[in-house]
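> Prediction below, plus the sequence it came from.
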Amino acid sequence: MEGITYRTNNVSTLEEKNIRLFINYAEKELKIKDIFGKLKEGVFRKFIDFHIVIDGLSKISRQVETKLGVKGFEKTKKKTEAVYEYDSDINNIYDDGERAEEDEHYEKLYDNAFGAATEATSLDHAIAELIAINDSFLIRCLKNIQENFIDKNSTELLQKHFFPYFKIDKLIELHENLKREFEIMEHSYVTIGQIFENMRNEFLVYCMVSSRMKTAIEFLADQMSGNPETQGKIKKLQKEAAKTYKHQDDRTMFDLKDLLQMIPQHIMRYPMMLGEIQKHANASKKRDIENEARNANDLMKNMVHHINQYATDHNYIETLKELKEEVKDVPVQNFHDFGVLSFEIANIDMKKVSGQSYGQYQLLLFENYLVALELTEEETFLNEVNWFTGIPLVTKRNVKRFYEHFKMKEFHEIRMTTPDKESSYIHLNHFNGPAKNANLSLVLRFPFGKMSDCEEVYNKLEVLRMNASTDIEKGSDHTDHDSVVFREEIEDNSETMQHSKCKDCAKFLNGKIQTGIKCNTCNALFHKECFAINKDEDEYKEEEEFDDPEDLNVIQTESIDDFYLGELDQTNAIKKLKPKRRGTFLLRSSQKQKGK
């Protein structure tokens, strides 16, 4: 076909101009609309959208079969799930249900390679499992990757643009240090809590690694399927490793993708392993070890939550960066500076009250902002001419242009109206001056048959407006304090990045986009929930999980005097319970409410 630039390397690197020419030609000649859907020529940008390419080619093949008799093929029956749908539901980025089947596969693979960590029969056994799994992960995974792939002569592309993501040297250093600490712990299990406390910051390297894992694995899959040089080199290194790696045993794996997927799996296992130690310490009545294991477990649960949220935030940021590239005239540096996206409307008729006509817009509804993108069409000359007429080729393409952003709290009211049977409307009113002139207000129009959509959008908008207008909730320690909402993004530099902690609970402000409350009076950061705690009521409440009832010891009582203390106020009752083991209770008569 004239105008196409042919290349022999990965299909995803074909220039979009060529793809656009192909689409225009096929749609015109074969009378097919939207061959590659809304992504159009951009369908080749990401590996995860390749199922759309296959479906589009299937449409073409069936038309060719009809016209020329050349046998076509059906579209794929099970598509590859796209993680993000840019124009339909961007906020699916925060859906934890994605890729559950794949996660289950790697969980089983991890258990086979390093152990399940849930089969301990005693405290000694649980400690031994913790030590053994760290050792096997260090040798079978991290040093395996280092010695057999990074240190060997892999391609320059992988050395520069792939392996640096995984910080293998930092991970090896972390787990070597952990190994030395565990050797000391074997003589005194009670040090387990201090070990994880001291090494908390070293575990933060997993934030960087986990956040880039998805992109890196997709890059590797793309290279293995479309770059013969990379594919051949990786397969060769895998075969050589299986023959020569001196630390291998029958559980060692050498598939590079599988090895890399073990890294996020490993960090997720610490709460499970520490939970086993805590359980067996409780059964052995080793209260000091149980308390230290509980502290370590709580710390690593928070660490895992922080790492998971960090990776999710990173993917969210990257997705909004890609969306920004599709939008013209964006006045802000980053879309994610508007906050967390609550929901979006892909296409809606909207106008300002002062405007004369409706236009088509895409609306992005963040926690505190409404961002409107105007949807238009532009004609573009392709610098190509029709080979027959000599007339320059022109194509129309959809364009998104930044229109305006609005603060949700500045809308004084949101109303839904249905003045006729043709349409339903949502009015977002912003009044100026005593005359209540709504000149900054917006009107959204929903056509006949979309009343349910109108109601759903109205309810969501009203919730956002109310939440954006809500004052910071202050607990008893901060009643008169000066405070503001805190939001800060951690830079992707593992050497210097600052992970802030809540002053109240000492846990991380989870994620790459750190959010919380900054108290200027205290000069400290807090979780929103911690800042709102009323300490007078919650002074003695412990943030810890209760044991499984089967693990609790039942103490026999001989009379009511063993647990009834008579008339006692709540504060002194809590003080009496505080040093007791969890599950202990007492009965008392209230001093304030007689007869209770």
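Yep, that arrived.
> Please count neighbours and contacts with C-alpha atoms only from this point.
Fine.
> What distance do you get for the residue positioned nearest the centre of the chain to residue 521?
Per CA atoms, centre = their mean, the C-alpha nearest to the average position across the chain is that of residue 312, at 1.6 Å. Distance, residue 312 to residue 521, by CA to CA, to the nearest Å: 32 Å.
> Residue 209 too?
Using CA to CA, residue 209 is found at 36 Å from residue 521.
> For those two, work out which one has more neighbours and name it.
residue 209 (23 against 11; other CA atoms under 10 Å).
> can you tell me the helix or strand for the more buried one?
helix 205-226 (DSSP states H and E).
> again, but for residue 321
Assigned by DSSP H and E, residue 321 falls in helix 287-325.
> Okay, buried residues for that helix please.
Neighbour-count burial for helix 287-325, counted by 16 or more other CA atoms under 10 Å, picks out 289-304, 306-317, 319-320, 324.
> Now do that helix against helix 205-226, angle only.
Relative orientation of helix 287-325 and helix 205-226, computed by axes from the mean of the first three to the mean of the last three CA atoms, to 10 degrees: 50 degrees.
> which other helices and strands contact helix 287-325?
In this structure, helix 287-325 packs against helix 192-198, helix 205-226, helix 270-283, with contacts taken as 3 or more CA pairs under 8 Å, 6 or more residues apart in numbering; DSSP states H and E.
> Using PDB, write out every CA atom in the last one.
The C-alpha atoms that make up helix 270-283 are tabulated as PDB, following Å, rounded to 0.1, in the frame of the first residue of the first chain:
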ATOM      1  CA  TYR A 270       5.700 -11.400  56.100                       C
ATOM      2  CA  PRO A 271       2.400 -10.800  57.900                       C
ATOM      3  CA  MET A 272       1.500 -14.400  57.300                       C
ATOM      4  CA  MET A 273       4.900 -15.700  58.700                       C
ATOM      5  CA  LEU A 274       4.900 -13.300  61.600                       C
ATOM      6  CA  GLY A 275       1.300 -14.200  62.400                       C
ATOM      7  CA  GLU A 276       2.400 -17.900  62.700                       C
ATOM      8  CA  ILE A 277       5.100 -16.900  65.200                       C
ATOM      9  CA  GLN A 278       2.600 -14.800  67.200                       C
ATOM     10  CA  LYS A 279       0.100 -17.700  67.200                       C
ATOM     11  CA  HIS A 280       2.600 -20.300  68.500                       C
ATOM     12  CA  ALA A 281       4.100 -17.800  71.000                       C
ATOM     13  CA  ASN A 282       0.600 -17.400  72.400                       C
ATOM     14  CA  ALA A 283       0.000 -21.100  72.600                       C
END
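> Now do that helix against helix 287-325, angle only.
Angle of helix 270-283 versus helix 287-325, following the same axes, to 10 degrees, is 160 degrees.
> Average pLDDT for helix 270-283, rounded please.
Averaged over helix 270-283, pLDDT sits at 93.
> Return the set of buried residues in it.
The neighbour-count check on helix 270-283 (16+ other CA under 10 Å) flags 270-283 as buried.
> can you check the first one too?
Neighbour counts over helix 192-198 (16+ other CA under 10 Å) mark 192, 193, 195, 196 as buried.
> what do you get for the longest one?
With burial defined by 16+ other CA under 10 Å, the residues of helix 205-226 counted as buried are 205-213, 216-217, 219-220, 222-224, 226.
> Write down the beta-bridge partners of residue 374, one by one.
Beta-bridge partners recorded for residue 374 (DSSP bridges): residue 361, residue 401.
> hang on, it packs against residue 364?
No - between residue 374 and residue 364 there is no contact under CA atoms under 8 Å: 11.4 Å.
> Ramachandran angles for residue 398?
Residue 398 has phi and psi values of phi -70, psi 140 when expressed as degrees, to the nearest 10.
> That one contacts residue 377, correct?
Yes - the criterion here is CA under 8 Å, and residue 398 meets it with residue 377 at 4.6 Å.
> I'd like the distance between the residue nearest to the centre of the chain and residue 319.
Here residue 312 is placed at a distance of 11 Å from residue 319 (CA to CA).
> same thing with residue 194?
As judged by CA to CA, residue 194 and residue 319 stand 39 Å apart.
> for residue 515, same thing?
Look at residue 515 and residue 319: by CA to CA, they are 20 Å apart.
> how about the closest residue to residue 288 other than its chain neighbours, what does it touch?
Nearest residue to residue 288 in three dimensions, chain neighbours excluded: residue 190, at 6.4 Å (CA to CA, 6 or more residues apart in numbering). Neighbouring residues of residue 190 by CA atoms under 8 Å, 6 or more residues apart in numbering: 288, 289, 292, 293.
> can you name the two of those residues that are farthest apart?
Longest distance between any two of the contacts of residue 190 is 8.6 Å, between 288 and 293; criterion CA to CA.
> Point out where the stretch 51-200 of the chain drops to low pLDDT.
Within the stretch 51-200 of the chain, the ranges that satisfy pLDDT under 70 run 51, 66-101, 117-118.
> where do the helices sit along it?
Assigned by DSSP state H, counting those that start in this stretch, the helices in the stretch 51-200 of the chain fall at 100-114, 123-137, 143-145, 156-161, 168-185, 192-198.
> Quick one: closest of those helices to residue 406.
When those are compared (using CA to CA), the closest one is helix 100-114, at 36.8 Å.
> Can you name every helix or strand that that closest one contacts?
In this structure, helix 100-114 makes packing contacts with helix 123-137, helix 256-268, judged by 3+ CA pairs under 8 Å, 6+ apart.
> can you give me phi and psi for residue 442?
The phi and psi values for residue 442, taken as degrees, to the nearest 10, are phi -120, psi 150.
> Next, count neighbours for the closest residue to it other than its chain neighbours.
Closest residue to residue 442 apart from its sequence neighbours, by CA to CA, 6+ apart: residue 352 at 4.5 Å. Other residues lying near residue 352 total 19 when counted by other CA under 10 Å.
> ditto for residue 104
Residue neighbour count, defined by other CA under 10 Å, stands at 11 for residue 104.
> do you know how far it is from residue 305?
Distance, residue 104 to residue 305, using CA to CA: 18 Å.
> quick one: residue 155 and residue 231 touch, right?
No - between residue 155 and residue 231 there is no contact under CA under 8 Å: 9.9 Å.
> helix, strand or coil for the closest residue to residue 518 other than its chain neighbours?
Excluding its sequence neighbours, the residue lying closest to residue 518 (CA to CA, 6+ apart) is residue 525, at 4.6 Å. Taken by DSSP: H, G, I helix; E, B strand; the rest coil, the conformation at residue 525 corresponds to strand.
> wait, residue 525 sits on residue 514?
No - the criterion here is CA under 8 Å, and residue 525 misses it with residue 514 at 10.4 Å.
> The two: who's more crowded?
Legend: neighbour count by other CA under 10 Å for residue 525 and residue 514, higher for residue 525 (25 against 21).
> Residue 416 in helix, strand or coil?
Three-state call for residue 416 (three-state DSSP): strand.
> How about the contacts made by it?
Residues in contact with residue 416 (CA under 8 Å, 6+ apart) are 424, 425, 426, 427, 454, 455, 458.
> Any idea what the second one is bridged to?
Put plainly, it is residue 425. Counting by DSSP bridges, residue 425 is bridged to residue 417, residue 445.
> Quick check, it in contact with residue 443.
Yes - contact criterion CA under 8 Å: residue 425 and residue 443 qualify, at 6.6 Å.
> Between residue 525 and residue 514, which contacts overlap?
Common contact partners of residue 525 and residue 514 (CA under 8 Å, 6+ apart): 486, 500.
> Any chance you could list what contacts stretch 475-485?
By CA under 8 Å, 6+ apart, the list of residues contacting stretch 475-485 reads 472, 515-522, 531-536.
> Go again with 7 Å.
With contact meaning CA atoms under 7 Å, 6 or more residues apart in numbering, stretch 475-485 is reached by 516, 517, 518, 519, 520, 521, 531, 532, 533, 534, 535.
> ok, of the residues you listed, which come out buried?
Among the contacts of stretch 475-485, those scoring as buried are 516, 517, 518, 519, 531, 532, 533 (criterion: 16+ other CA under 10 Å).
> Could you pick out which of those are located in helices?
Of the positions in the buried ones among the contacts of stretch 475-485, residue 531 sit in helices, assigned by DSSP state H.
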